[in-house]
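**Q** One predicted model, sequence on top.
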Amino acid sequence: MLTELALYSDRLFMAAVGVFVFAMVLHGSEYAVQRSAKAVLVGAGGPALDEHESHPDGTPVRSRSERLGRMGVALVVLGAVLLAASIVTRGLAAQRWPLGNMYEFTSAISLAAVVAWLVVLRRSPASRPVGLFVLLPVVILLFLGGTVLYAPAAPVMPALQSYWLVVHVTAVTIASGLLMVPGVASLLYLLRRSGRLSGVADRLPSVDVLDRLAYRLTIIAFPLYTFAIIAGAIWAEAAWGRFWGWDPKETVAFVAWVIYAAYLHARATAGWRSGPAAWVNVAGFAAVIFNLFFINMVVSGLHSYAGLG
């Protein structure tokens with residue numbers, strides 16, 4: 001029974017990856033179709049596209065790009081459900097909390113990022129063009145998780161058999177997934193603001209929308225990331241007899257925390273609210289990714305055995 005559950009989990013994971021790839025293709029097609037339609041209309045001196053026209057019976061007429069975008073969002077929802085089912089069945093198969101290795105950690109981070117993006121999209125449908133760029137790192141993470149980081153379902157070592165695994169690692173996972181979206185938004189903000197690659201940036205939301213998106217999600221994720229660091233310190237005291245030992249994982253996590261604190265401070269400081277703050281946010285996102293992969297997989301430390309955040 002447990003073997004079958006593990007097999008179902010792996011198949012659900014692969015299905016989720018396939019669905020997310022297809023969703024990314026649809027979002028990319030939406031992007032390309034709307035760009036080409038605008039170029040044709042502008043070149044012919046025609047009016048701008050109106051996606052709010054209606055049929056005689058009052059039902060709205062949706063453009064091709066609108067239909068592609070909506071199908072892409074529907075597939076993102078389906079992919080999130082499949083990935084969540086994969087994580088749940090993985091936990092049932094391993095008979096533990098499903099955050100015991102890098103494969104499970106990357107799956108959960110990807111799910112958190114996708115769910116965060118769907119919530120943003122629900123509140124701000126005009127942000128949909130950002131979905132293509134949010135899905136790109138998610139698909140990369142899932143590809144790495146399903147290949148080089150994959151590990152069979154199995155119990156964790158005794159050192160990880162603690163309720164702090166649930167508290168600390170879950171908090172880190174959700175915070176990291178949430179921070180992925182503002183990291184992407186800040187990168188797009190800098191691209192849009194620079195005026196370069198205007199053909200790519202034309203379909204993106206305005207710089208103000210991208211800036212607000214990055215700030216509001218960071219505001220939510222930062223307290224959770226702070227709690228994760230505190231919970232990790234408490235677990236470290238119980239496991240190793242000290243709250244903090246400047247282990248490489250702890251050090252980089254603290255550096256990332258300082259960077260995000262600096263970003264929030266910069267957003268409230270005149271002269272830093274625009275480009276400089278976005279660069280700080282991108283640096284924080286880079287620190288989180290560095291901590292996830294390089295520190296876990298290359299640097300030797302007390303956290304190396306776990307492959308955890």
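**A** Sure thing, it's come through.
**Q** I'd say residue 118 and residue 75 touch.
**A** No - contact criterion C-beta atoms under 8 Å: residue 118 and residue 75 do not qualify, at 11.5 Å. In this view, the C-beta of every residue, glycine as well, is placed from N, C-alpha and C.
**Q** between those two, which one's more packed in?
**A** Applying other C-beta atoms under 10 Å to residue 118 and residue 75 shows that residue 75 carries more neighbours, namely 21 against 16.
**Q** if I pick that one, what's in contact with it?
**A** Residues near residue 75 by C-beta atoms under 8 Å, 6 or more residues apart in numbering: 19, 20, 22, 23, 26.
**Q** Among those, which one sits closest to residue 241?
**A** residue 20 (42.7 Å; C-beta to C-beta).
**Q** Just give the closest residue to the closest one, not the sequence neighbours.
**A** residue 79 (4.4 Å; C-beta to C-beta, 6 or more residues apart in numbering).
**Q** show me where pLDDT drops low in the stretch 151-300 of the chain?
**A** Low-confidence segments of the stretch 151-300 of the chain (pLDDT under 70): 158-160, 197-201, 295-300.
**Q** Buried ones in stretch 275-288, by neighbour count?
**A** For stretch 275-288, the neighbour count (16 or more other C-beta atoms under 10 Å) marks 277, 278, 279, 280, 281, 282, 283, 284, 285, 287, 288 as buried.
**Q** which residues are contacting the helix or strand harbouring the first one?
**A** Translated: residue 277. In this structure, residue 277 sits in helix 275-290 according to DSSP states H and E. Helix 275-290 is contacted from outside by 176, 179-180, 182-184, 186-187, 189-190, 193, 211, 214, 218, 252, 255-256, 259-260, 262-263, 266-267, 269, using C-beta under 8 Å, 6+ apart.
**Q** Equivalent analysis for stretch 220-234, please.
**A** 164, 167-168, 171-172, 174-176, 178-179, 182, 243-244, 250, 253-254, 256-257, 260-261, 264, 309.
**Q** Buried by neighbour count: which residues of the helix or strand harbouring residue 262 qualify?
**A** Using DSSP H and E, residue 262 maps to helix 248-267. Under the neighbour-count criterion of 16+ other C-beta under 10 Å, helix 248-267 has 248-253, 256-257, 259-260, 262-264, 266-267 buried.
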